[in-house]
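1. got a structure for you, letters missing:
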């Protein structure tokens, strides 16, 4: 399989319990790039600058946080705590069930305006979850 990252777009709907299925291509890619088998059935969900949710494979998230920590120090006066507080307090883990579904935390659904229909949009090293109408309005 060609490792192109997360590409394409897929439409899904939240079920009556608030779960949504991750596109099978994305789920398979997470499994391929995740070394630790205990992390293959989880994702990291975070607010994006755009009104959507960014989704990371756990090891990718850990790698990004590791790079940030290497470049900063707890003692640094110029450390961007506002950015870190904003990013980390608006981030959560979600377990992927055996059917490939996740539950999006309510605070992230509220932020992205997600009610029922969503679009998964691949952007290389991560993918996004958008409310369908918001996605359509922003990608005309």
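-> Right, received. Where do you want to start? Worth saying up front: this structure is predicted, and the values here are computed from it rather than measured. Residues are numbered from 1 along each chain as shown.
2. And the biggest helix by length in the chain, what does it pack against?
-> Taking DSSP state H as the criterion, the chain has its longest helix at helix 58-70. Other elements packing on helix 58-70 under the criterion 3 or more C-beta pairs under 8 Å, 6 or more residues apart in numbering; DSSP states H and E are strand 42-47. Yep, even glycine has a C-beta here, placed from its N, CA and C like the rest.
3. in its sheet, what does the strand it packs on sit against?
-> With DSSP bridges as the test, strand 42-47 is paired with strand 53-56 (antiparallel), strand 91-95 (antiparallel).
4. Can you say which of these is nearest to residue 6?
-> strand 53-56 (8.4 Å; C-beta to C-beta).
5. so what's the most centrally placed residue in the chain bridging to?
-> Nearest to the mean C-alpha position of the chain, by C-alpha atoms, centre = their mean, lies residue 55 at 1.0 Å. Legend: beta-bridge partners of residue 55 under DSSP bridges are residue 45, residue 127.
6. Look at residue 20 and tell me its secondary structure.
-> strand (DSSP: H, G, I helix; E, B strand; the rest coil).
7. And it, what's its pLDDT?
-> For residue 20, the pLDDT comes out at 97.
8. residues making contact with the lowest-mean-pLDDT helix or strand in the chain?
-> Least confident helix or strand, the chain: helix 81-88 with a mean of 75, by mean pLDDT, DSSP states H and E. Outside helix 81-88, the residues that touch it by C-beta atoms under 8 Å, 6 or more residues apart in numbering are 46, 47, 68.
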